[in-house]
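Trainee: Need the 3D shape of this:
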Amino acid sequence: MPRVLSNSAFRAARGFTLIEVLVVVVILAILAAVVVPKMMEHPGEARVVRAKADIQAIVTALNTYKLDNFSYPATEQGLEALVSKPAGAPEAPNWRKGGYLDGVPKDPWGRTYLYLQPGQHGDMDVYTLGSDGKTGGEGEAGDIGNWRN
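Mentor: Residues are numbered from 1 along each chain as shown. Below is the predicted model of the structure:
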C-alpha cells in the first residue's frame with residue numbers, strides 16, 4: 001500500500017523555498033564583499049605563504065627520497081629526480097615508481113625552485129629568490145628557503 005505523507009512531512013520533503021535560497025545567496029554575497037577585499041590587500045603575503053608551503057612539500061618529498069635511497073639527489077640531478085628517475089643513477093636503487101612529486105612546482109613568481117645538495121644551511125637547501133629574483137631582499141623580495149620556514 002502506498003505511503004501517504006502528512007502535510008508537515010510533505011513540506012519537509014519538498015526542499016527549499018525561493019526565499020530561503022535568496023537569503024543564503026545574499027549572506028554569501030555579503031561575506032564575499034567583506035572577505036575578498038581583505039585577501040586582495042595582501043597578495044604579496046599570499047605569495048610568500050604559498051612559496052613556504054611549496055618548499056615544505058618539496059622538502060617532505062626529498063626526505064622520502066632519502067629514506068628510500070639513503071641520500072638526497074645530487075644538485076646536478078636537481079628536483080626533477082623527484083619526478084622521474086635520474087638516468088644512470090645507481091645511487092637511487094629504490095626509486096619509487098610514480099615518483100615523489102607529480103611535477104616540480106614553479107614558485108609564485110613563475111621561476112623554478114632552487115636546490116643545493118649539500119646545502120649552505122643544512123643537508124640540502126630548497127629556496128626561491130622571491131619576487132625580485134635576486135639574492136637577499138626583504139618581504140616579498142626576500143629569499144625564502146627551507147632554513148627560514
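
Trainee: which residues of this protein fall in strands?
Mentor: For the chain, strands defined by DSSP state E occupy the ranges 114-116, 125-128, 144-145.

Trainee: Turn those into CSV, columns for distance to Thr17 and mean neighbour count.
Mentor: (C-beta placed from N, C-alpha, C; glycine too.) Output for those, formatted as CSV (distance: least, Cβ to Cβ, whole Å; neighbours: other Cβ atoms under 10 Å):
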stretch, distance to Thr17, mean neighbour count
strand 114-116, 57, 19
strand 125-128, 51, 23
strand 144-145, 50, 24
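
Trainee: Would you format those strands as a markdown table with mean pLDDT included?
Mentor: Listed next are those as a markdown table, based on pLDDT from 0 to 100:
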| stretch | mean pLDDT |
| --- | --- |
| strand 114-116 | 95 |
| strand 125-128 | 94 |
| strand 144-145 | 92 |
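
Trainee: Take these and write them to a markdown table, including distance to Gln77.
Mentor: Below are the strands of the chain laid out as a markdown table (distance: least, Cβ to Cβ, whole Å):
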| stretch | distance to Gln77 |
| --- | --- |
| strand 114-116 | 9 |
| strand 125-128 | 14 |
| strand 144-145 | 19 |
